[in-house]
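S.K.: no sequence for this one, just the structure:
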């Protein structure tokens, strides 16, 4: 029964492989392996043939665990790196692929990993390599009902994390301790894992990737909190900005403006909309108010197995090894508000996970959007 | 004063660059940038010339923050990926490097990142590329007194995390909730960040990378807990295995054997010892007891800015793009016990962070090493 889901996905994969002229995929990125087989882990690989055959290679310690989790036709446990390389060669031989093209994940493989999986003892000399990033992105872009349920469940976990973090905000506590509150609550509430939590405060709210530090919150600080729990293999992405005390008039105005821009963008998240239109809507509202120079980075991206995945706006997609995304279909899930309004001394941001609807968007992350912190407890 | 440290490191870097025929480094790996400049972050780069000049490129939002943290000669804030590429070209021109060799981090750069930093609009056509991984590994391998202090401080944080996790262990709690206890305690105790926490239980203690799941602990389960806090930019690495209740005779015997192997290996961590000798010591004790087939992965690795860094045993080093490490000098910091004894139905492991001493090893992680959990609270 479970295998049916993977057979359908493998069928789609097969069609895209044929169109791209790929005879086999050699995947090592956990998120891609998870999508096509039900299990994704580091230090392992999945070979996928055009006929939808799945051959897994995993550490010999992990064979029984993977057998219980994954859809596959063949599995081998290897003892070490040499064993891994030889097992890849063995599968090439088993599938009768001695020439042709193998698809590799150019957006995941480092130079040294690339050298390993294309080692002469792994890949037949007659087989050439090609990027398969766009195939996996295209496959994973539109979510099915169960995937949306899982992202929705992760969004509820994100809300629990945000609530705990906002309640923890007070003068004297470190950014790291605010992150601790969020992460602890998310694990209690059903997250098996999370992507790195961002917490920045005061002047640090202006930086692009505000990982937590030991900086202590001070009265009057803005605090930006961005959480990304993983529940049942799927992620959500939510950011809120709150103030330690009362924001200044300027801060409140910037916040209201950003929220207006974000909400205007979310309102357009309907089937057929392009990523460029969404990006321009968000930036347009800021620009019109004189903040055109205060933006940085892609304000929208996909959400799914990863908290940040395809689609990306075309300019960013290009430089991150992805193809320009087509107009969005219904059931693509995106985050809106990935990048904030950075005024220089401080920044503000609100981010939500949103399902692109056939008619209307559906916002999955529902934590209140207000800058001034209302004490919720203690 | 602070700059003195970086000037010394840059001097060492310069000597290695000359020996390797590299005219300039283009670093994007945060750990390497942090070592040479005092700041390392994603979405940024550092160019290091043979003369020790440091040119940074960071998101325009981050310029003021980096200025306060980093040692540098030039800094530029870029608006987007195109701006980043052009700023790299600008630095090549500024330094007068239109031919020669640029060192890149082959163990960090993905294929797509590689394409970006070597884009024709970034890198002059006359400049060729070469891996600089071994230069950064060699520079970072022997720690100075302040680095050892920081790793020691991280080790104390790891102990606080382990104590909280072990106290949380009881039937009915999920692996993720055990991880939550460790992470929360580490952030309260001074960690600004941590690398992913591993918690595995029952049959999952046999797998190579036991990331936490929603599996609930059961009476009689072994539980493997591996923590890696970051405090003041430096990491520690510690693993303990405990039992939910009383271990079986077989489990206790396997644990005692592994601990004996680990302690015998630590005893050899003196200047002049080779990674092969350390690896063989640990595996030798297990092999002699008939468990030679129950090992997987490198049992020893370096610890520093990253919880897992160079040196690696030669076989693993080769496949991970690193050079075979020389005999260890005093003040190399290693973790001993990175991989466990995997019997099939379950595994055991004990891991500590250890300073290679001129005469005697110094163990930095001191949490008790015993399998049977003694209730410490509640």
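M.R.: Done, it's in. Everything numeric in this text was worked out from a predicted model, so none of it was measured. Residues are numbered from 1 along each chain as shown, chains lettered A, B, ... in the order given.
S.K.: what's the burial count for residue A:172?
M.R.: Residue A:172 has 10 neighbours, counted by other Cβ atoms under 10 Å in any protein chain shown. The way it works is simple: take the backbone N, C-alpha and C, and place the C-beta from them, glycine included.
S.K.: what's the answer for residue A:42, then?
M.R.: 12.
S.K.: do the same with residue A:61
M.R.: Residue A:61, neighbours per other Cβ under 10 Å, totals 26.
S.K.: Please report how far it lies from chain B.
M.R.: 5 Å (Cβ to the nearest Cβ, to the nearest Å).
S.K.: right, and that residue touches residue A:77 too?
M.R.: Yes. Counting by Cβ atoms under 8 Å, residue A:61 does reach residue A:77; the two are 7.4 Å apart.
S.K.: Which pLDDT does the model give residue A:373?
M.R.: Reading off the confidence values, residue A:373 has pLDDT 86.
S.K.: give the contact list for it.
M.R.: Neighbour list for residue A:373: A:166, A:169, A:242, A:243, A:244, A:245 [criterion: Cβ atoms under 8 Å, 6 or more residues apart in numbering or on different chains].
S.K.: 7 Å - rerun?
M.R.: A:166, A:169, A:242, A:243 (Cβ atoms under 7 Å, 6 or more residues apart in numbering or on different chains).
S.K.: Those residues into TSV, with extra columns for neighbour count and secondary structure?
M.R.: Output for the contacts of residue A:373, formatted as TSV (neighbours: other Cβ atoms under 10 Å in any protein chain shown; DSSP: H, G, I helix; E, B strand; the rest coil):
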residue	neighbour count	secondary structure
A:166	22	helix
A:169	22	coil
A:242	23	strand
A:243	22	strand
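S.K.: Around chain B, pick out the residues from the stretch 1-150 of chain A.
M.R.: Taking Cβ under 7 Å from any Cβ of the partner chain as the criterion, the stretch 1-150 of chain A approaches chain B at residues A:41-43, A:59-62, A:65, A:79-81, A:106-112, A:114, A:116.
S.K.: Buried ones among these?
M.R.: For these, a burial check counting by 16 or more other Cβ atoms under 10 Å in any protein chain shown picks out A:41, A:43, A:59-62, A:65, A:79-81, A:106-112, A:114, A:116.
S.K.: sorry, back to before: show me the residues of the stretch 1-150 of chain A next to chain B that map onto helices.
M.R.: Of these, the ones assigned to helices by DSSP state H are A:65, A:81, A:111, A:112, A:114, A:116.
S.K.: domains in chain A, as residue ranges please.
M.R.: Following automatic domain parsing, chain A resolves into domains at A:2-140, A:142-363.
S.K.: what helix or strand is the nearest residue to residue A:197 once chain neighbours are set aside on?
M.R.: Nearest residue to residue A:197, sequence neighbours excluded (Cβ to Cβ, 6 or more residues apart in numbering or on different chains): residue A:179, at 4.3 Å. Secondary structure from DSSP states H and E places residue A:179 in helix A:175-188.
S.K.: again with residue A:239
M.R.: strand A:238-243.
S.K.: returning to what we had before: want to try a markdown table for the ones in helices among the residues of the stretch 1-150 of chain A next to chain B, with distance to residue B:347 as columns?
M.R.: Shown next, in a markdown table, are these (distance: Cβ to Cβ, whole Å):
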| residue | distance to residue B:347 |
| --- | --- |
| A:65 | 11 |
| A:81 | 20 |
| A:111 | 32 |
| A:112 | 28 |
| A:114 | 31 |
| A:116 | 25 |
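S.K.: Max pairwise distance over the residues you listed: which two?
M.R.: Pairwise distances among these were taken by Cβ to Cβ; the largest, 30.1 Å, belongs to A:65 and A:111.
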